[in-house]
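Asker: Would you be able to build a 3D model of this:
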Amino acid sequence: MSVSHDEPANSGKAASPFRQPKAVWAVAFACVISFMGIGLVDPILPALADSLDASPSQVSLLFSSYLIVTAVAMLVVGAVSSRVGAKRTLVIGLAVIVVFSALAGATDSIDGIVGFRAGWGLGNALFIATSLAVIVASAGGGFGGAIILYETALGLGIAVGPLLGGELGAISWRGPFFGVSALMAVALVATLVFVSDPPRPKRPTSPAAPLKALRHRGLLTMGIMALLYNWGFFTMLGYAPYPMELNAHQLGLVFTGWGLLVALFSVLVAPRLQARFGTAPVLYANLLGLGIVMALIAAGVETPTVVVVAVIASGAFIGINNTLTTQAVMLVSPVERSVASSAYGFLRFIGGGLAPYAAGKIAEATDLGVPFYVGAAAFLLAIPVLASGHRLVRQAEQRTGEGESVEPALTPVGPQAAGAEPPLIVAVGAHGRAAAVVEAAARLAQDSGSPLQIVHVQQTAVVEEQAVETETHDQARAAVTAHLDRLAAQGVAATGQILTSVGDRAAAGRALARHAADAGAPTVAVGRSPLGAGTQFGEGSLTTALTRAATSTVVLIDPDSTHRPLTASALAELRGGG
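Answerer: So this is what the prediction gives:
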């Protein structure tokens with residue numbers, strides 16, 4: 001169970017994350033195809049080299065052109081989207097992918113494919129920069145279910161892309177390109193028909209904003225770490241198919257296994273490791289693990305079985321790294337989320353774009369194992385780079401307020417009582433029963449003689465390498481103000497706060513527990529969540545994390561029944577339907 005601003009008005013029963021408007025399903029389908037984009041070509045790399053009489057370094061330019069154009073485009077897609085609208089940006093991106101993937105399948109030269117993959121990269125940048133935001137804005141029943149659906153689309157795309165590429169590539173190397181074009185054309189039509197344009201930001205984003213944002217030490221440090229990490233990652237992804245000595249179908253199965261681990265560890269495992277050990281320690285261990293895996297590939301490059309097993313195993317490390325690196329970027333960035341994402345995306349895609357071509361050239365000049373040793377070195381070099389920003393990450397996680405100015409953890413709403421007694425805190429979201437929960441908490445505060453503080457958690461959700469604010473700051477402020485005005489009309493005094501959090505709901509629960517401890521609150525009141533068990537398992541539970549981390553008493557407020565303190569046994573009973 002959790003308390004967040006993603007609960008539907010009808011809170012009588014658990015909400016399914018898959019009960020969504022057609023607009024969400026249309027974009028989710030497009031996301032599946034988009035996430036296929038990179039892994040789709042892995043199974044056909046050796047076939048392309050043979051069919052077009054090209055060297056591995058020439059074929060690797062399929063990755064380089066795609067990713068370098070994506071990187072450069074990331075600098076301007078925010079400015080484009082803020083001016084023409086998210087839906088139009090999404091549609092343009094889909095149309096570009098349809099056209100250029102079809103042209104890549106129709107060409108007869110490696111140079112032509114490389115060039116058309118560059119156009120595909122432009123479309124990909126336009127799409128990925130807006131898809132998560134459009135899904136969240138179009139969601140029915142709140143953003144929680146939409147994010148679960150996005151994560152599902154991500155997992156399917158990463159896992160199914162290599163499988164589809166292998167099956168179609170076994171027929172012809174052209175098959176994957178035409179397949180993507182046809183599927184994206186369906187997604188394009190569905191987007192045009194079903195998706196509405198979300199509201200545009202009040203102020204357009206400056207095209208120079210992402211580059212200016214890199215002047216901030218925290219963002220630049222995390223970006224350089226991501227560049228090094230992606231150098232190693234795309235060395236493996238772009239060059240490992242050659243020493244495996246497998247056909248397209250077999251390569252598809254290998255990279256499907258890899259993709260399943262990426263999706264699983266990104267969505268389910270990474271947040272739990274972060275909660276247990278912290279962001280930076282997990283990243284240190286993970287980068288070291290990736291360095292060891294790459295070194296094993298290099299040492300066993302003449303033994304295809306070693307390469308196959310190591311590549312599949314690397315999916316676990318890559319899934320963890322993708323999620324936690326993005327969270328670290330969002331934690332330390334003192335700029336808007338969209339600007340931080342663009343700046344970070346520029347650096348990481350540059351590293352990914354240069355690595356495959358460099359790997360091919362290094363192999364031609366030396367031997368097959370050396371590119372993988374270089375990739376291992378890139379992973380290991382990322383560790384001291386991260387260590388140089390360790391203090392920034394730790395301070396941002398704990399919100400100490402030291403170092404560079406980042407977005408404040410707490411934003412007051414309305415007048416604040418000076419020198420007041422420790423408050424009773426009620427945490428609510430923009431759901432149908434929020435008003436009833438606040439009023440019940442107000443009565444509890446009056447009975448205990450404590451002032452009431454209303455806390456609204458404004459969450460930045462991170463899904464693998466994408467991040468999105470689930471509501472605007474103005475929306476969060478309006479929700480708190482409405483509660484304060486309603487209580488004031490009843491003669492009840494209260495104060496309001498907006499608490500910002502990066503990550504899943506469990507991270508929001510831990511942030512709320514820290515705030516309660518800082519405020520000396522004796523009690524934190526929360527309402528019952530209608531979110532289903534599957535959603536809470538995938539996204540984490542705010543209430544469970546709050547109860548485990550809080551030094552205060554956590555009370556479940558139910559306007560229709562008796563309030564109850566939450567303990568480990570009470571949580572287990574509630575999860576069991578008691």
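
Asker: domains for the protein, by residue range?
Answerer: Here the domain parsing of the chain from automatic domain parsing is 1-199, 210-407, 410-575.

Asker: what about the longest one, average pLDDT?
Answerer: Spelled out, it's domain 1-199. Averaging the model's pLDDT scores along domain 1-199 yields 83.

Asker: same question, the last one
Answerer: Over the span of domain 410-575, the pLDDT mean works out to 78.

Asker: now it: how far from the chain's centre is it?
Answerer: Going by C-alpha atoms, centre = their mean, to the nearest Å, the spacing between the C-alpha centre of domain 410-575 and its chain's C-alpha centre is 24 Å.

Asker: How about the second one?
Answerer: For domain 210-407, the gap between its own C-alpha mean and the chain's C-alpha mean amounts to 14 Å (C-alpha atoms, centre = their mean).

Asker: Then the first one?
Answerer: In this view, domain 1-199 has its centroid 15 Å away from the chain centroid, taken as C-alpha atoms, centre = their mean.

Asker: Strands of the stretch 301-450 of the chain, residue ranges please.
Answerer: 410-413, 424-428 (DSSP state E, counting those that start in this stretch).

Asker: hang on, the earlier thing: need the domains of the chain in JSON lines (columns: mean neighbour count).
Answerer: For the C-beta atoms, the positions are set from N, CA and C on the backbone; glycine is no exception. Formatted as JSON lines, these follow (neighbours: other C-beta atoms under 10 Å):
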{"stretch": "domain 1-199", "mean neighbour count": "22"}
{"stretch": "domain 210-407", "mean neighbour count": "22"}
{"stretch": "domain 410-575", "mean neighbour count": "20"}
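
Asker: Pairing partners for the biggest strand by length in the chain, with directions?
Answerer: Longest strand of the chain, by residue count under DSSP state E: strand 452-463. Strand pairing for strand 452-463, determined by DSSP bridges: strand 424-428 (parallel), strand 466-469 (antiparallel), strand 494-502 (parallel).

Asker: follow-up on the earlier one: among the strands of the stretch 301-450 of the chain, which comes closest to residue 475?
Answerer: Among the strands of the stretch 301-450 of the chain, strand 410-413 comes nearest to residue 475, with 12.2 Å by C-beta to C-beta.

Asker: Distance to residue 196 for the strands of the stretch 301-450 of the chain - can I get that in CSV?
Answerer: Listed next are those as CSV, based on distance: least, C-beta to C-beta, whole Å:
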stretch, distance to residue 196
strand 410-413, 29
strand 424-428, 28
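
Asker: For residue 350, find the nearest of those strands.
Answerer: Between residue 350 and these, the shortest gap by C-beta to C-beta is with strand 410-413, which sits at 34.6 Å.

Asker: Can you list the strands that that closest one pairs with?
Answerer: Paired neighbours of strand 410-413 in the sheet (DSSP bridges): strand 494-502 (antiparallel).

Asker: What's the first helix or strand after the strand it pairs with?
Answerer: Tracing the chain C-terminally past strand 494-502 and defining elements by DSSP states H and E, one meets helix 505-519 next.

Asker: Next SSE downstream of that next one?
Answerer: Downstream of helix 505-519, the next assigned helix or strand under DSSP H and E is strand 523-527.

Asker: That next one: partners in the sheet, and parallel or antiparallel?
Answerer: The pairing partners recorded for strand 523-527 under DSSP bridges are strand 424-428 (parallel), strand 553-557 (parallel).

Asker: Could you figure out how far the longest strand of the chain is turned away from helix 505-519?
Answerer: Relative orientation of strand 452-463 versus helix 505-519 (axes from the mean of the first three to the mean of the last three C-alpha atoms, to 10 degrees): 150 degrees.

Asker: Using a markdown table, please lay out the strands paired with strand 523-527 together with distance to residue 370.
Answerer: Below are the strands paired with strand 523-527 laid out as a markdown table (distance: least, C-beta to C-beta, whole Å):
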| stretch | distance to residue 370 |
| --- | --- |
| strand 424-428 | 54 |
| strand 553-557 | 56 |
